[in-house]
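> Got a predicted structure plus its sequence, pasted below:
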Amino acid sequence: HKCSAQGAEGARLEYDIVLGERRLSEPRRKAAYDAALRSAQQAYEAMIKAAQEETAAENRGAGKAAAQPSQPHDRNVGKRLGKYQLLEKVAVSSTGPVYKAQHQASGAVVSLKMLKPSAAQKAEVLKRFQREFKVTRQLSHPNLVAGFDLAEDGGIHYLSMEYVGGADLNQILKQHGSLPVEGVMEFMVAAAEGLAYLHGQGIYLRNIKPENLFVNHRGQIKISNLILAKLDDEGAMADGENLTQQGQMLGSVDFLAPEQAADASSIAGRA
């Protein structure tokens, strides 16, 4: 609850309020709570406004990106990969970078998730990457990132996905600190709805964490990164192969349910 207070004194006052301690009279308690809530809401609105301005600036500069790369130090920016031109690196994962890119024929802006060559040499990683596309192209939900295209060019495997913009929750927390309770509740309800949809399709993410929850410029949550997803019906995929061995641990250690750490092959929605 301290997340919606500004400064140690505000945090102490709200801490007292939440615990129900009678250190303040009721009018002072309400005034302190209202002040903390206003301050938190202002921080939340400032975060959303900053994301909107950033996205607007990106859209204005998208047409110039090919001639004037936004990140000159990145030798890939401005190059073509298959049907796409790379505009800007937006993220890096353990399996490879993610670029903002533009489809040459339509002009559509997408995210290109690339599999670095060292990762592609590992059969399991490549199969999971291909399966992520097979899963995402079958899904349709406002809180999930959609998949469009899977291809390979010059030995580079890449997945074309919906471009979300904005930032992931981990970046937002680092830049703005803790978020107001009301905003967090909205985010978590949206994430839960996306997960519930996946579970209804027999798909279990196995990698839910702040880095995989993106907030777009409208303040909407998008769940991304289904590369570790478990399927109830593995036979529904083209390869029909179960990639997770019994007793195998998958996921990010800080966010694992204990039963997933013990055996990622047997978990369901509760984990």
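Sure thing, it's come through. Residues are numbered from 1 along each chain as shown.
> In the stretch 51-200 of the chain, what residue spans correspond to helices?
For the stretch 51-200 of the chain, the helices defined by DSSP state H, counting those that start in this stretch occupy 117-120, 123-136, 169-176, 181-200.
> For the next helix or strand after the last one, name the packing helices and strands.
Read that as helix 181-200. Sequence order places strand 203-204 as the next helix or strand after helix 181-200, per DSSP states H and E. Judged by 3 or more C-beta pairs under 8 Å, 6 or more residues apart in numbering; DSSP states H and E, strand 203-204 is in contact with strand 230-231. To be clear about C-beta, it is placed using only N, CA and C from the backbone, and glycine gets the same treatment.
> still on that earlier bit, could the helices of the stretch 51-200 of the chain be laid out in JSON lines, adding mean neighbour count, mean pLDDT and distance to A261?
Shown next, in JSON lines, are those (neighbours: other C-beta atoms under 10 Å; pLDDT from 0 to 100; distance: least, C-beta to C-beta, whole Å):
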{"stretch": "helix 117-120", "mean neighbour count": "14", "mean pLDDT": "83", "distance to A261": "23"}
{"stretch": "helix 123-136", "mean neighbour count": "18", "mean pLDDT": "82", "distance to A261": "19"}
{"stretch": "helix 169-176", "mean neighbour count": "15", "mean pLDDT": "89", "distance to A261": "21"}
{"stretch": "helix 181-200", "mean neighbour count": "16", "mean pLDDT": "92", "distance to A261": "19"}
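> what about the ones you listed, which gets the closest to K209?
Among the helices of the stretch 51-200 of the chain, the nearest to K209 by C-beta to C-beta is helix 169-176 (7.7 Å).
> any weak-confidence spans in this structure?
1-26, 28-73, 233-251 (pLDDT under 70).
> Now with 50, please.
By pLDDT under 50, the low-scoring segments of the chain are 1-22, 65-72, 235-248.
> where along it do the strands fall?
Secondary structure of the chain (DSSP state E): strands located at 80-81, 84-92, 97-103, 109-115, 147-153, 156-162, 167-168, 203-204, 213-215, 221-223, 230-231.
> Columns mean neighbour count and distance to S140 on top of the ones you listed, output as TSV?
TSV is the format used below for these (neighbours: other C-beta atoms under 10 Å; distance: least, C-beta to C-beta, whole Å):
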stretch	mean neighbour count	distance to S140
strand 80-81	16	26
strand 84-92	20	23
strand 97-103	22	20
strand 109-115	24	17
strand 147-153	16	11
strand 156-162	22	11
strand 167-168	22	22
strand 203-204	23	13
strand 213-215	24	17
strand 221-223	23	13
strand 230-231	20	17
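> now the helices of the stretch 51-200 of the chain in CSV, with distance to Y163?
Supplementary listing: the helices of the stretch 51-200 of the chain in CSV, determined by distance: least, C-beta to C-beta, whole Å:
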stretch, distance to Y163
helix 117-120, 22
helix 123-136, 14
helix 169-176, 16
helix 181-200, 17
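> nearest spatial neighbour of F148, skipping sequence neighbours?
Leaving out its chain neighbours, the residue that sits closest to F148 by C-beta to C-beta, 6 or more residues apart in numbering is S160, at 4.4 Å.
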